[in-house]
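Visitor: for reference, the sequence and a predicted model appear below.
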Amino acid sequence: MNEALADTVDERVAEEHTGGEYERQRVPDKALLGAGKFWGMYAGEHAAGTEFMIGPLFLAAGASLADLILGLLLGNILAVLTWRYLVTPIAIAKRFTLYYQLERIAGGSLVKLYNVVNGVLFCFLAGAMVTVSASAVGVPFDIHYAVPEQTFGFGAPSFTALVVVVGIVMAVIAAAGYQTVARVANIAAPWMICIFAACGIVSLIQMGATSSEALSEGKYWSDAVAFVQAKSGEKPFTFSQIVIFAWLCNGAMHFGMADLSIFRFARKPSSGWAPAVGMFLGHYMAWIAAALLLAAQIKLSQNDSANPGMLAWGALGWTGIICVVIAGWTTANPTIYRAGLAFQGIFPKSSRTVMTLVAGAVATMAGAFPNLSAQLLGFVGTYGTVLGPMGAIIFVDYYLMKRFGLQDEYAARRSQSVNMAVLIAWLLPVFVGLYLIFAQDLFAAYAVIPCWIISGILYLGLSKMLQSPAGDVAAN
């Protein structure tokens, strides 16, 4: 068998084994996707279920309307630039999943630890979206979404049953693979974006805020904030917090490089602009529109419950209910897909489909605890703090190691199961960051960038100390 034919056979065998997902090999040119797949996926993922939760939380936290409008604008611009210029160049150059790339840098055993943490955190995020969708499904059946006081407290048995059904559907879609996930998002995204805009417009009409004077004064907003804080206590949510949160709420995906797994399929770097549609239609327009839903509900019924299903029902009836259900799906699907890849990194011989179904089961269990979804403002900053520093290690390994006379992908070159430079550079800043968040009450998103920078510096310095002199050992 000649060499060219052997390569073709090997590639075909690998593709059949991975189902065309290329979890442990470079994505071949024939599998690359056009920009449209990414624009649709990011529109569906980020103009989606989390928006029905996070938008109202801004109001409940005490943010002013002016700060929200300007702060989200700046923060989302920074997020798009981070995806485009931090993640996309490395993804296209390497074309590996995050997990396989880390395995080559950090070693198989260390990456298994990371994958456990990564997969579980992604499952908890997807679980919040299972909760969101179930809250909408329950409205016509009079099954109430109620948040228990305990973080890990169950809702009503009927609501838990709804969570299980919704979680199964989400897991099956995610298990079908990236192209199926992208197809679902492409179909749903345009419609959902229109519904979010309609929610905001209807809410303004319900509050009588239809004139330019009413909009500029924003009294309807400040009255709603005052109503919430009269019950929960006065607390500010500042302009800087809004900017940093908008920038870093997806810190694990851009600063943490999780979306290497997505952009490895990109044919051109211009696909890296795709998150813009999710940021400005989802994390900008949709967050504000969802917050207006709560403001309208407070004015009309003096009810400050941020039940996503009821908020959408109050504005758009059945259309709102359907939107919440689909919005939860389009967020959870790619998140469960990412978690499945993480779990497959722990068991590399396992099927990606099976591991995605396992991730869906974990997400469904998390969705059964409604209080988790009510803590998204803090949770997304925390998981960015935990997962983000590994992105700094990938960044340094790709751009700086050779410039400083060091070996990149050191674990693969030296057949190491644990690269101690990576272990220390990841865990030390994370422990300090978590201490500041939970013991010193630091706003969680504030810790992401300091931890990222310190991890990169530590990795470079420790590699200088710990690496053996470069020899003739080739990368695997």
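Guide: Yep, it's here.

Visitor: quick check: phi and psi on the most centrally placed residue in the chain?
Guide: With distances taken as C-alpha atoms, centre = their mean, the residue of the chain nearest its centroid is residue 250 (5.1 Å). Here the main-chain torsion angles of residue 250 (degrees, to the nearest 10) amount to phi -110, psi 30.

Visitor: measure it to residue 162 for me?
Guide: In this structure, residue 250 lies at 27 Å from residue 162, with C-beta to C-beta, to the nearest Å as the measure. From N, CA and C alone the C-beta is placed, and that goes for glycine too.

Visitor: next: residue 68.
Guide: Applying C-beta to C-beta, one obtains 32 Å for the distance of residue 68 from residue 162.

Visitor: alpha carbons of stretch 238-247, as CSV, please.
Guide: This file holds the C-alpha atoms of stretch 238-247, laid out as CSV (Å, rounded to 0.1, in the frame of the first residue of the first chain):
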residue,chain,number,x,y,z
THR,A,238,-22.2,49.6,39.1
PHE,A,239,-21.2,50.5,35.5
SER,A,240,-17.8,48.7,35.9
GLN,A,241,-19.6,45.6,37.1
ILE,A,242,-21.8,45.6,34.1
VAL,A,243,-18.9,46.1,31.7
ILE,A,244,-16.8,43.4,33.2
PHE,A,245,-19.7,41.0,33.5
ALA,A,246,-20.7,41.5,29.8
TRP,A,247,-17.1,41.0,28.7
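
Visitor: off-centre distance for it?
Guide: The gap between where stretch 238-247 is centred and where its chain is centred comes out at 17 Å by C-alpha atoms, centre = their mean, to the nearest Å.

Visitor: now it: buried residues?
Guide: For stretch 238-247, the neighbour count (16 or more other C-beta atoms under 10 Å) marks 239, 241, 242, 243, 244, 245, 246, 247 as buried.

Visitor: with stretch 118-138 instead?
Guide: Within stretch 118-138, the residues that qualify as buried by neighbour count (16+ other C-beta under 10 Å) are 118-138.

Visitor: average pLDDT for that stretch, rounded please.
Guide: The average pLDDT within stretch 118-138 is 87.

Visitor: where does this structure have low pLDDT?
Guide: Counting by pLDDT under 70, the chain shows low-confidence ranges at 1-20, 177-186, 212, 215-217, 470-476.

Visitor: hmm, back to that, tell me who's in contact with the residue nearest to the centre of the chain.
Guide: Listed by C-beta atoms under 8 Å, 6 or more residues apart in numbering, the contact set of residue 250 reads 46, 79, 380, 384.

Visitor: redo that, cut-off 10 Å
Guide: The contact partners of residue 250, by C-beta atoms under 10 Å, 6 or more residues apart in numbering, come to 45-46, 50, 79, 82-83, 256, 258-259, 275, 278-279, 283, 380, 383-384.

Visitor: among those, which one sits closest to residue 233?
Guide: Comparing the contacts of residue 250 against residue 233 with C-beta to C-beta places residue 380 closest, at 22.8 Å.

Visitor: that closest one: neighbour count?
Guide: 24 (other C-beta atoms under 10 Å).

Visitor: hang on, it packs against residue 256?
Guide: No: taking C-beta atoms under 10 Å as the contact criterion, residue 380 and residue 256 are not neighbours in contact, 11.6 Å apart.

Visitor: show me whatever sits in contact with both of those two.
Guide: Common contacts of residue 380 and residue 256, defined by C-beta under 10 Å, 6+ apart, comprise 250, 448.

Visitor: now do the residue nearest to the centre of the chain against residue 42, distance only.
Guide: Here residue 250 is placed at a distance of 10 Å from residue 42 (C-beta to C-beta).

Visitor: hey, what's in contact with both of those two?
Guide: Contact criterion C-beta under 10 Å, 6+ apart; residues shared by residue 250 and residue 42: 83, 259, 275, 278, 279.

Visitor: for those residues, work out which two are farthest apart.
Guide: Considering C-beta to C-beta, no two members of the shared contacts of residue 250 and residue 42 lie farther apart than 259 and 279, which are separated by 13.1 Å.

Visitor: overlap in contacts, these two.
Guide: Shared contacts of residue 259 and residue 279, defined by C-beta under 10 Å, 6+ apart, comprise 42, 83, 250.

Visitor: could those go into CSV alongside distance to residue 158?
Guide: Shown next, in CSV, are the shared contacts of residue 259 and residue 279 (distance: C-beta to C-beta, whole Å):
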residue, distance to residue 158
42, 34
83, 40
250, 33
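
Visitor: which of those sits closest to residue 225?
Guide: With C-beta to C-beta as the yardstick, the closest approach to residue 225 among these comes from residue 250, at 25.7 Å.

Visitor: all helices for the stretch 201-350 of the chain, in order.
Guide: Ranges of helices within the stretch 201-350 of the chain are 212-217, 219-232, 239-248, 260-263, 275-280, 287-301, 308-316, 318-346, based on DSSP state H, counting those that start in this stretch.

Visitor: what lies in contact with the second one?
Guide: Here helix 219-232 makes contact (C-beta under 10 Å, 6+ apart) with 56, 58-66, 68, 203-204, 206-209, 213-215, 218, 234-237, 291-292, 294-299, 302-304, 306.

Visitor: buried ones in it?
Guide: For helix 219-232, burial by neighbour count (16+ other C-beta under 10 Å) applies to 220, 221, 224, 225, 227, 228, 229.

Visitor: alpha carbons only: can I get it in PDB?
Guide: In PDB, the C-alpha atoms belonging to helix 219-232 read as follows (Å, rounded to 0.1, in the frame of the first residue of the first chain):
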ATOM      1  CA  LYS A 219     -38.900  56.200  35.800                       C
ATOM      2  CA  TYR A 220     -40.600  52.900  35.100                       C
ATOM      3  CA  TRP A 221     -37.200  51.200  35.500                       C
ATOM      4  CA  SER A 222     -36.200  53.100  38.700                       C
ATOM      5  CA  ASP A 223     -39.600  52.300  40.200                       C
ATOM      6  CA  ALA A 224     -39.100  48.600  39.600                       C
ATOM      7  CA  VAL A 225     -35.600  48.700  41.100                       C
ATOM      8  CA  ALA A 226     -37.000  50.500  44.200                       C
ATOM      9  CA  PHE A 227     -39.800  47.900  44.500                       C
ATOM     10  CA  VAL A 228     -37.300  45.000  44.400                       C
ATOM     11  CA  GLN A 229     -34.800  46.600  46.800                       C
ATOM     12  CA  ALA A 230     -37.500  47.500  49.300                       C
ATOM     13  CA  LYS A 231     -37.900  43.800  49.800                       C
ATOM     14  CA  SER A 232     -34.300  42.500  49.400                       C
END
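
Visitor: nice, that's everything, thank you.
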